[in-house]
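Asker: Okay, here's the prediction I keep looking at, along with the sequence it came from:
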Amino acid sequence: MDYRLEQRGEARSAERIKFHCNIILDTGKQVNEGRVLDLSGGGCLVESSVSVKVGDNLQLRLSLPGPELPMRVPRAAVRWTKGFQFGVEFLSLEEKDRVRLTHLLTPHDDPWSQSYG
(Lines give C-alpha, C1' and ligand atoms only; values in the text may rest on other atoms or scores of the structure.)
Protein backbone atom coordinates (compact mmCIF):
# COMPACT_ATOMS: atom_id res chain seq x y z
CA MET A 1 0.00 0.00 0.00
CA ASP A 2 1.45 3.35 -0.96
CA TYR A 3 0.69 6.16 1.49
CA ARG A 4 1.88 9.70 0.98
CA LEU A 5 1.84 12.84 3.06
CA GLU A 6 -0.24 15.19 0.97
CA GLN A 7 0.83 18.24 2.93
CA ARG A 8 4.54 17.75 2.19
CA GLY A 9 4.50 15.27 -0.68
CA GLU A 10 6.89 12.86 1.04
CA ALA A 11 6.60 9.09 0.75
CA ARG A 12 6.30 7.20 4.03
CA SER A 13 9.36 5.26 5.06
CA ALA A 14 7.29 2.38 6.48
CA GLU A 15 3.96 0.83 5.55
CA ARG A 16 1.18 1.47 8.05
CA ILE A 17 -1.43 -1.05 9.12
CA LYS A 18 -4.85 -0.34 10.55
CA PHE A 19 -4.41 -0.86 14.27
CA HIS A 20 -6.43 0.43 17.20
CA CYS A 21 -5.20 0.86 20.76
CA ASN A 22 -5.29 3.42 23.53
CA ILE A 23 -2.47 5.94 23.84
CA ILE A 24 -1.33 8.39 26.51
CA LEU A 25 0.30 11.57 25.18
CA ASP A 26 2.54 13.85 27.23
CA THR A 27 3.15 17.24 25.61
CA GLY A 28 5.34 18.49 28.46
CA LYS A 29 2.51 20.81 29.50
CA GLN A 30 -0.37 18.36 29.74
CA VAL A 31 -1.11 14.64 29.67
CA ASN A 32 -4.05 13.44 27.57
CA GLU A 33 -5.46 10.23 26.21
CA GLY A 34 -6.17 9.31 22.63
CA ARG A 35 -6.59 6.44 20.22
CA VAL A 36 -4.13 5.02 17.70
CA LEU A 37 -5.85 4.43 14.34
CA ASP A 38 -2.92 3.02 12.38
CA LEU A 39 0.63 2.03 13.15
CA SER A 40 4.00 1.45 11.51
CA GLY A 41 7.52 0.85 12.70
CA GLY A 42 8.21 4.56 12.34
CA GLY A 43 5.09 6.20 13.72
CA CYS A 44 1.32 6.22 14.06
CA LEU A 45 -1.90 8.06 13.35
CA VAL A 46 -3.48 9.41 16.53
CA GLU A 47 -6.95 10.74 17.25
CA SER A 48 -7.15 12.91 20.37
CA SER A 49 -8.56 16.17 21.66
CA VAL A 50 -5.06 17.27 22.77
CA SER A 51 -3.93 20.46 21.05
CA VAL A 52 -0.71 19.87 19.06
CA LYS A 53 1.02 21.52 16.15
CA VAL A 54 3.52 20.33 13.56
CA GLY A 55 6.96 20.05 15.13
CA ASP A 56 5.75 19.44 18.70
CA ASN A 57 7.66 16.76 20.59
CA LEU A 58 5.67 14.25 22.63
CA GLN A 59 6.22 11.30 24.93
CA LEU A 60 3.85 8.40 24.23
CA ARG A 61 2.63 5.22 25.88
CA LEU A 62 0.81 2.78 23.60
CA SER A 63 -1.33 0.03 25.14
CA LEU A 64 -0.33 -2.79 22.80
CA PRO A 65 -1.89 -6.25 23.12
CA GLY A 66 -0.24 -8.70 25.48
CA PRO A 67 0.68 -8.87 29.13
CA GLU A 68 3.59 -6.43 28.86
CA LEU A 69 3.47 -2.86 30.11
CA PRO A 70 2.49 -0.18 27.57
CA MET A 71 5.13 0.52 24.93
CA ARG A 72 6.97 3.73 25.77
CA VAL A 73 8.08 6.17 23.07
CA PRO A 74 10.37 8.65 24.87
CA ARG A 75 10.40 11.07 21.94
CA ALA A 76 8.00 11.46 19.04
CA ALA A 77 7.36 14.42 16.73
CA VAL A 78 4.07 15.64 15.29
CA ARG A 79 4.46 15.63 11.49
CA TRP A 80 0.98 16.76 10.39
CA THR A 81 -2.41 17.62 11.89
CA LYS A 82 -5.97 17.65 10.60
CA GLY A 83 -8.79 18.30 13.05
CA PHE A 84 -8.51 15.85 15.94
CA GLN A 85 -6.11 13.57 14.03
CA PHE A 86 -2.36 13.88 13.68
CA GLY A 87 0.59 11.83 12.55
CA VAL A 88 3.58 11.24 14.80
CA GLU A 89 7.04 9.94 13.96
CA PHE A 90 8.83 7.85 16.58
CA LEU A 91 12.21 9.58 17.07
CA SER A 92 13.50 7.30 19.82
CA LEU A 93 12.47 3.86 20.95
CA GLU A 94 14.16 1.42 23.33
CA GLU A 95 15.41 -1.73 21.64
CA LYS A 96 12.97 -3.99 23.54
CA ASP A 97 10.06 -1.85 22.36
CA ARG A 98 11.37 -1.75 18.78
CA VAL A 99 11.53 -5.58 18.80
CA ARG A 100 8.01 -5.75 20.25
CA LEU A 101 6.69 -3.36 17.61
CA THR A 102 8.40 -5.24 14.78
CA HIS A 103 6.92 -8.52 16.03
CA LEU A 104 3.46 -6.96 16.22
CA LEU A 105 3.71 -5.61 12.66
CA THR A 106 5.16 -8.79 11.12
CA PRO A 107 2.55 -11.05 9.51
CA HIS A 108 2.38 -14.45 11.18
CA ASP A 109 0.90 -17.59 9.74
CA ASP A 110 -2.46 -18.44 11.25
CA PRO A 111 -2.18 -22.07 12.49
CA TRP A 112 -5.96 -22.45 12.18
CA SER A 113 -5.84 -21.74 8.45
CA GLN A 114 -3.38 -24.52 7.69
CA SER A 115 -4.55 -27.84 6.30
CA TYR A 116 -2.92 -31.01 7.53
CA GLY A 117 -2.83 -34.37 5.91
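Answerer: Cool, the structure landed.
Asker: State whether residue 28 is indeed within a helix.
Answerer: No: according to DSSP: H, G, I helix; E, B strand; the rest coil, residue 28 belongs to no helix; its state is coil.
Asker: quick one, what contacts it?
Answerer: Counting by C-beta atoms under 8 Å, 6 or more residues apart in numbering, residue 28 touches 57, 59. Quick note: C-beta positions are derived from backbone N, CA and C, even for glycine.
Asker: For it, give me the pLDDT.
Answerer: With respect to pLDDT, residue 28 scores 93.
Asker: now it: how far from residue 21?
Answerer: Shown here: residue 28 relative to residue 21, a distance of 23 Å by C-beta to C-beta, to the nearest Å.
Asker: got it, and residue 29?
Answerer: For residue 29 relative to residue 21 (C-beta to C-beta), the value is 24 Å.
Asker: which one of these two has more residues nearby?
Answerer: Neighbours per residue, other C-beta atoms under 10 Å: of residue 29 and residue 21, the larger number sits with residue 21, 16 against 8.
Asker: what's near enough to touch that one?
Answerer: So residue 21 contacts 35-36, 39, 62-65 (C-beta under 8 Å, 6+ apart).
Asker: Residue 59 now?
Answerer: Counted by C-beta under 8 Å, 6+ apart, residue 59 has contacts 25-26, 28, 72-76.
Asker: ok, now with 7 Å
Answerer: 26, 73-75 (C-beta atoms under 7 Å, 6 or more residues apart in numbering).
Asker: These in strands, which ones?
Answerer: The strands, defined by DSSP state E, take in 26, 73-75 from the contacts of residue 59.
Asker: ok, back up a step: so can I have a markdown table of the contacts of residue 21 showing secondary structure?
Answerer: Output for these, formatted as a markdown table (three-state DSSP):
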| residue | secondary structure |
| --- | --- |
| 35 | strand |
| 36 | strand |
| 39 | strand |
| 62 | strand |
| 63 | coil |
| 64 | coil |
| 65 | coil |
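Asker: Make a ChimeraX selection of whichever of the residues you listed turn out to be buried.
Answerer: A single ChimeraX command selects the buried members of those (16 or more other C-beta atoms under 10 Å):
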select :36,39,62,64
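Asker: Done for today, thanks.
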